[in-house]
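J.: Any chance you could fold what I've pasted below:
(2 chains)
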Amino acid sequence: GESVGLHLPTLSVQEGDNSIINCAYSNSASDYFIWYKQESGKGPQFIIDIRSNMDKRQGQRVTVLLNKTVKHLSLQIAATQPGDSAVYFCAENRPGGSYIPTFGRGTSLIVHP
Amino acid sequence: ETGVTQSPTHLIKTRGQQVTLRCSSQSGHNTVSWYQQALGQGPQFIFQYYREEENGRGNFPPRFSGLQFPNYSSELNVNALELDDSALYLCASSGGQRVEGYTFGSGTRLTVV
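T.: All right, here's what the predicted structure looks like:
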């Protein structure tokens, strides 16, 4: 399943499908981007990151795509599993001084068995 | 290697009271950041401490204050609590001032009544 637009609060998919979660970031000067997964009752957990000099990075079952022209990030999860159900946040880090990630609103991913 | 631990896990306070939340950073980490996460929202940056000094602050009033101790553990203090302060308070630690390796605790759920 594919999210139908930016800032979609909930994405429902079937187990085994590929998921795509989108995110718009606000600052064109941001140089580092991170995707976090937050399960109920837990803090955000690092999934994957990408620097602004790249447009794609792959991890285990996850891929992050960066389009700086339109300030857009996406997280692709292959073969989505019920354990992937969580809220996913993108975060941008703005250059200059300390490294402090700024979080977006988040997307809730629900995976149906 | 221990992770980030926060205490207490849950807390109920009355409007106007003061509260102190605690965070033990991950072993080897000397930077601690605090975030407020309202229900259904992404974490919002409160402030960061690096080697016992405040190293950046978000858009929060002065009644939000903090400390970092020589062992790099940290406290978040909130005075004159308001109903809108009800949220999940997250602590993240990292080694140096870099966002890579940012590790979050599970948070303290504060309810103000």
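
J.: Output the contacting helices and strands for the least confident helix or strand in chain A by mean pLDDT.
T.: Every helix and strand of chain A was ranked by mean pLDDT, DSSP states H and E. The lowest is strand A:101-103, at a mean of 90. In terms of contacts (3 or more Cβ pairs under 8 Å, 6 or more residues apart in numbering or on different chains; DSSP states H and E), strand A:101-103 is packed against strand A:86-93, strand B:44-50. The C-beta positions use only the backbone N, C-alpha and C, and glycine is treated the same way.

J.: Check these for me and report the most buried one.
T.: Mean neighbour count, computed with mean count of other Cβ atoms under 10 Å in any protein chain shown, is highest for strand A:86-93 among the helices and strands packed on strand A:101-103, reaching a mean of 23.

J.: Now do it: which elements does it pack against?
T.: Using 3+ Cβ pairs under 8 Å, 6+ apart: strand A:86-93 touches strand A:32-38, strand A:72-77, strand A:101-103, strand A:107-112.

J.: redo that, cut-off 10 Å
T.: Here strand A:86-93 touches strand A:19-24, strand A:32-38, strand A:45-51, strand A:72-77, strand A:101-103, strand A:107-112, going by 3 or more Cβ pairs under 10 Å, 6 or more residues apart in numbering or on different chains; DSSP states H and E.

J.: Which of the helices and strands packed on strand A:101-103 sits closest to A:Gln58?
T.: A:Gln58 lies closest, by Cβ to Cβ, to one member of the helices and strands packed on strand A:101-103: strand A:86-93, at 16.6 Å.

J.: Which strands border that closest one, and is each parallel or antiparallel?
T.: In the sheet, strand A:86-93 lines up against strand A:32-38 (antiparallel), strand A:101-103 (antiparallel), strand A:107-112 (antiparallel) (DSSP bridges).
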